[in-house]
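Visitor: Quick one, structure for this:
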Amino acid sequence: MDFTFAEQQIAFRDAVRKFLIIEAAPEMLREIWETKSGRSRELRCKLADQGLTAISVPETYGGIGLGDLDWILLQVELGYYAIPDSLSDTAYLASWLLEHLPADLALKREWLPRIAAGTARIAVGHPVNLLVADAELADLILLWHDDEIHGVTASDVKLTPQVSIDASRRLYAIEWSPSARTRLCSAKQGAGLWQQVLNRGALALAAQLLGLAQRMVDLGVDYAAQRKQFGKPVGAFQAVKHQLADVAVKIEFTKPVLFRAAYAVDRDLDDAAIQVSHAKLAAGDAARLAARNALQAHGAMGYTWEADLQMFMKRAWALDAAWGDRGFHKQRVADAIFADGAELGPGSTFN
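Guide: From the prediction side, this is the model:
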């Protein structure tokens, strides 16, 4: 299988990276964290100007009409720069879900152009996540109920704010009552859609965790090169080198797993769920190791508010448990490999 990305995908990724280098400096992230909403309207508009909100929206509704493989490299960048915005929930998950609703063209005509333009924020609630991100700020909230898809607004439900270790996340417990008025899709039709939303949600966070892992090891390398002990940079000592090298190896082994999962989701392959769970577990391992070893390279100073590292560590710890924690994804992998007649081994790796 060829994991090589197309030139235009690489060029888009590079353009977004250059944009985020300027617009997503850690100082700016801290300022946004400390606001009441935790969100920046200005940043959201700039992300829309870069085309990020229009990626998944079909051209019919004013979007670009790209797919999962186009998103995956961009999700890594969103993780690397710890973007404090639920861009994926709106532009990736909600956009896909609205597009694939079996009917209700009026709903699509109302919301998909607004997503593409960056003027709508949509929250997505799924039972695998006990809390819903950005529910209070959302113009529309898409909720699961017995595999049905329901659409509500913040005024239709009771929202209770919840504290996250990641100060950029705005999480809410939602109390609500489903009804025929709020139902957008039946359980028969919604079950498959929710399963694919789950896979895409976990895939997006796996990519962001990979980006976070790379950022944390980069911060560890920079700090180790600057801090001195016994007249030498601490990065010159083998113990520090090996810790950071271990993370670099972990990251490289995670990349093909992540790209394989994105391919499976994009092609709607039968094994997409297990591939996504594998990617989420691998990326979570890389991010946790990066957090621990980068922290040690900082001499434990990375915990302090002044250190940039603490921002990325907290984001990684939070995302590792979202869209399915480790137990959930390990169970999905176990169910697949221990199933009767499971095809395992090198000959069954690729179809």
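
Visitor: pLDDT weak spots in the stretch 151-300 of the chain?
Guide: 224-242, 300 (pLDDT under 70).

Visitor: List the buried residues of the host helix or strand of residue 275.
Guide: Assigned by DSSP states H and E, residue 275 belongs to helix 272-297. By 16 or more other C-beta atoms under 10 Å, the buried positions in helix 272-297 come out as 272-291, 293-297. Yep, even glycine has a C-beta here, placed from its N, CA and C like the rest.

Visitor: Output whichever helix or strand comes after it in PDB, but only the C-alpha positions, please.
Guide: Next helix or strand after helix 272-297 toward the C-terminus (DSSP H and E): helix 309-320. In PDB, the C-alpha atoms belonging to helix 309-320 read as follows (Å, rounded to 0.1, in the frame of the first residue of the first chain):
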ATOM      1  CA  LEU A 309       5.300  22.300  27.900                       C
ATOM      2  CA  GLN A 310       2.400  22.200  30.500                       C
ATOM      3  CA  MET A 311      -0.100  23.400  27.900                       C
ATOM      4  CA  PHE A 312       0.700  20.500  25.600                       C
ATOM      5  CA  MET A 313       0.900  17.900  28.300                       C
ATOM      6  CA  LYS A 314      -2.500  18.800  29.600                       C
ATOM      7  CA  ARG A 315      -4.000  18.700  26.200                       C
ATOM      8  CA  ALA A 316      -2.600  15.300  25.500                       C
ATOM      9  CA  TRP A 317      -3.900  13.800  28.800                       C
ATOM     10  CA  ALA A 318      -7.300  15.200  28.100                       C
ATOM     11  CA  LEU A 319      -7.500  14.000  24.500                       C
ATOM     12  CA  ASP A 320      -6.200  10.600  25.400                       C
END
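
Visitor: what does the average pLDDT come to for helix 309-320?
Guide: In this model, helix 309-320 has a mean pLDDT of 94.

Visitor: Name the nearest residue to the residue nearest the centre of the chain, sequence neighbours excluded.
Guide: Residue closest to the average C-alpha location in the chain (C-alpha atoms, centre = their mean): residue 205, at 2.9 Å. Closest residue to residue 205 apart from its sequence neighbours, by C-beta to C-beta, 6 or more residues apart in numbering: residue 319 at 4.8 Å.

Visitor: related to what we said a few turns ago, how far off centre is the helix holding residue 275?
Guide: Centroid separation for helix 272-297 versus its chain: 13 Å, with C-alpha atoms, centre = their mean, to the nearest Å.

Visitor: Quickly find the element holding the residue nearest to the centre of the chain.
Guide: Short version, using DSSP H and E: residue 205 is in helix 187-226.

Visitor: Just want the angle from that helix to helix 309-320.
Guide: Interaxial angle, helix 187-226 versus helix 309-320 (axes from the mean of the first three to the mean of the last three C-alpha atoms, to 10 degrees): 160 degrees.

Visitor: Now helix 187-226: buried residues?
Guide: Buried-residue list, helix 187-226, by 16+ other C-beta under 10 Å: 189-190, 193-194, 196-221, 223-224.

Visitor: Who are the packing partners of that helix?
Guide: Helices and strands touching helix 187-226, by 3 or more C-beta pairs under 8 Å, 6 or more residues apart in numbering; DSSP states H and E, are helix 68-80, helix 95-99, strand 148-152, strand 232-233, helix 238-266, helix 272-297, helix 309-320.

Visitor: State the next helix or strand along the chain beyond the second one.
Guide: Looking back up the chat, that one is helix 95-99. According to DSSP H and E, the helix or strand after helix 95-99 is helix 105-117.

Visitor: Next, residue 324: secondary structure please.
Guide: coil (DSSP: H, G, I helix; E, B strand; the rest coil).
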